[in-house]
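S.K.: Sharing a model prediction with you, sequence too.
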Amino acid sequence: MDSSNSGAIHQETPLEDVLSACLENKGTLSPNYRQNFERVVTDWIGFCERRDVETIGAVTDRTMAGYASHLARRIEAGKSNDVDGGITETTAWTYYDYVSAFLSWAVKWGYIADNPAEKAQARDSMPDRPSSGEYDRQFWQPEQRQTILEYVRRRAASAYRDPIAPKPILHKRLRDRALVATIAFSGVRGGEVLKDPADSRRTGLQWDDVDLEEGVCWILGKNQNREPAQLPGQVVGPLERWRDAYDPPRDEWPVFPSMHVPTLSRRIRAALGAAERDRLVAQRHHWEIALEYDVTPPTITTEGGRSVLKRLSKEADVPGLALEDGEYLTLHGGRRGVGELLYREVSHEQAQRTLRHADPQTTSEMYSHIETSELAEDNTAVFENE
């Protein structure tokens with residue numbers, strides 16, 4: 001059989017069969033990239049089949065122009081509150097690039113002569129690519145996470161050395177360690193476990209919201225409904241250590257209490273009276289009085305949590321931050337870092353469930369930089385012989 005006949009036969013291959021061959025050939029792809037690649041290209045094949053384009057050779061620049069227009073309409077839908085199925089420009093380009101990578105593979109393996117997705121007329125309906133600024137948001141990187149976690153661990157351990165630190169200092173260090181671990185590993189938003197002054201419902205996580213045995217805490221989610229959030233072992237350990245030392249009078253006490261002296265002073269006065277407060281604080285620290293007399297402190301505010309992380313980032317000398325300019329590990333950067341690691345190492349679904357995104361598209365958009373990077377690796381392999 002000559003090569004021209006072979007090419008003609010290849011062009012008659014059904015799109016589903018080409019995709020199966022492509023996936024089999026790409027056995028070294030990361031599981032997450034492979035899963036997303038297969039999902040998007042399968043959806044594109046459905047788009048083609050609804051237009052009677054069923055074989056690889058039947059895909060033309062006109063087909064891809066139609067697909068680009070389809071994505072453009074979904075972008076417009078994404079700008080409306082009344083239409084479902086909308087996407088952003090970033091997601092549209094991610095989808096188009098997946099299909100283009102698939103067609104480039106088909107060119108490499110002789111199914112088609114050129115890639116119709118790369119034709120200028122096919123791309124005319126696509127929007128301009130989003131600027132790279134979209135990806136400048138902070139994600140806690142593994143080295144940063146390890147640095148601050150090791151610092152707060154050593155800081156808490158040092159409070160137990162003889163002589164043991166006073167209770168307020170010991171408790172503050174254990175609380176800070178538990179807070180950092182929670183932000184570093186659970187994927188919660190700061191406003192879900194800390195007090196948000198702008199939202200009266202967000203008063204902070206309490207111990208009766210936490211089940212350490214099951215590794216779960218119940219929080220007020222972004223959707224304003226109570227929902228469970230996972231607490232892996234890396235969080236449970238520091239929380240248990242903190243609770244054992246803290247020994248709150250009641251389960252309604254906050255997991256991350258404020259130890260701000262003026263705030264505690266006002267609460268003690270309201271509960272015990274000014275004279276009794278003055279008598280007690282002459283002998284002991286406000287925090288010890290609050291514990292003994294069951295004067296419930298407020299939860300640290302989100303702004304207070306940011307201040308804690310800013311101080312600890314500087315003390316720990318966290319790498320990769322412009323510390324001299326005030327840069328620090330942010331609350332939401334911890335959440336993004338959790339999702340990024342799960343997205344890379346486990347799956348899109350695991351990241352989505354952990355971050356509690358209602359729409360898988362939200363997860364895809366947040367970590368589209370990972371898909372773009374893996375696309376670059378994939379396309380590098382396509383052109384490896386040039």
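M.R.: Happy to help now that I have it.

S.K.: so who does Leu280 touch?
M.R.: Neighbouring residues of Leu280 by Cβ atoms under 8 Å, 6 or more residues apart in numbering: Ile268, Leu272, Ile289. In this view, the C-beta of every residue, glycine as well, is placed from N, C-alpha and C.

S.K.: One more: Ile268?
M.R.: Taking Cβ under 8 Å, 6+ apart, one finds Arg277, Leu280, Val281, His286, Ile289, Ala290, Tyr293, Val295 in contact with Ile268.

S.K.: Name the helix or strand for it, please.
M.R.: Using DSSP states H and E, Ile268 sits within helix 261-272.

S.K.: and that helix, C-alpha only, in CSV?
M.R.: Output of helix 261-272 as CSV, limited to C-alpha atoms (Å, rounded to 0.1, in the frame of the first residue of the first chain):
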residue,chain,number,x,y,z
VAL,A,261,-5.8,42.4,75.8
PRO,A,262,-8.0,45.4,75.3
THR,A,263,-10.7,43.2,73.8
LEU,A,264,-10.4,40.7,76.7
SER,A,265,-10.5,43.5,79.2
ARG,A,266,-13.8,44.9,77.9
ARG,A,267,-15.3,41.4,77.9
ILE,A,268,-14.2,40.7,81.4
ARG,A,269,-15.6,44.0,82.6
ALA,A,270,-18.9,43.3,81.0
ALA,A,271,-19.1,39.8,82.6
LEU,A,272,-17.6,40.5,86.1
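
S.K.: related to what we said a few turns ago, export the contacts of Leu280 as a markdown table, with columns for distance to Arg311.
M.R.: Compiled in a markdown table, these are given as follows (distance: Cβ to Cβ, whole Å):
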| residue | distance to Arg311 |
| --- | --- |
| Ile268 | 25 |
| Leu272 | 31 |
| Ile289 | 25 |
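
S.K.: Just the closest of the residues you listed to Glu54, please.
M.R.: Top of the list for closeness to Glu54, among the contacts of Leu280 and by Cβ to Cβ, is Ile268 at 76.5 Å.

S.K.: still on that earlier bit, the helix or strand following the helix holding Ile268: which residues count as buried?
M.R.: Where DSSP H and E defines the elements, the next helix or strand beyond helix 261-272 is helix 274-281. By neighbour count with 16 or more other Cβ atoms under 10 Å, helix 274-281 contains the buried residues Arg277, Leu280, Val281.

S.K.: Turn those residues into CSV, columns for distance to Pro14 and pLDDT.
M.R.: Shown next, in CSV, are the buried residues of helix 274-281 (distance: Cβ to Cβ, whole Å; pLDDT from 0 to 100):
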residue, distance to Pro14, pLDDT
Arg277, 80, 96
Leu280, 81, 97
Val281, 80, 95
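
S.K.: just curious, which of these is nearest to Pro249?
M.R.: Closest approach between the buried residues of helix 274-281 and Pro249, by Cβ to Cβ: Leu280, at 15.9 Å.

S.K.: roughly how far apart are that closest one and Arg267?
M.R.: To Arg267, Leu280 is 13 Å away according to Cβ to Cβ, to the nearest Å.

S.K.: got it, and Arg344?
M.R.: Looking at Arg344 against Arg267, where the rule is Cβ to Cβ, the gap reads 45 Å.

S.K.: With Ala113 instead?
M.R.: According to Cβ to Cβ, Ala113 and Arg267 sit 77 Å apart.

S.K.: more crowded one of those two?
M.R.: Neighbours were counted for Ala113 and for Arg267 using other Cβ atoms under 10 Å; Arg267 has more, 19 against 11.

S.K.: Nearest residue to the more buried one in space, please, no chain neighbours.
M.R.: Once flanking residues are discounted, Arg267 sits nearest to Val295: 5.2 Å by Cβ to Cβ, 6 or more residues apart in numbering.

S.K.: Then Lys314?
M.R.: Lys314 sits nearest to Leu323 (Cβ to Cβ, 6+ apart), 5.3 Å away.

S.K.: Retrieve the pLDDT associated with the one you found.
M.R.: With respect to pLDDT, Leu323 has a value of 84.

S.K.: That one contacts Ala316, doesn't it?
M.R.: No: applying Cβ atoms under 8 Å as the test, Leu323 and Ala316 come out as separate, 9.6 Å apart.

S.K.: which residues does Ala184 contact?
M.R.: Trp140, Arg145, Ile148, Leu149, Gln234, Gly334, Gly337, Val338.

S.K.: Let me see the mean pLDDT of the strand or helix carrying the fifth one.
M.R.: This points to Gln234. Assigned by DSSP H and E, Gln234 belongs to helix 233-246. Averaged over helix 233-246, pLDDT sits at 96.

S.K.: Give me the helices and strands touching it, please.
M.R.: helix 167-185 (3 or more Cβ pairs under 8 Å, 6 or more residues apart in numbering; DSSP states H and E).

S.K.: roughly how far out does the following helix or strand past the helix it packs on sit from the chain middle?
M.R.: Proceeding N to C from helix 167-185, the next assigned helix or strand is helix 190-193, under DSSP H and E. How far helix 190-193 lies from its chain's middle: 14 Å, per Cα atoms, centre = their mean, to the nearest Å.
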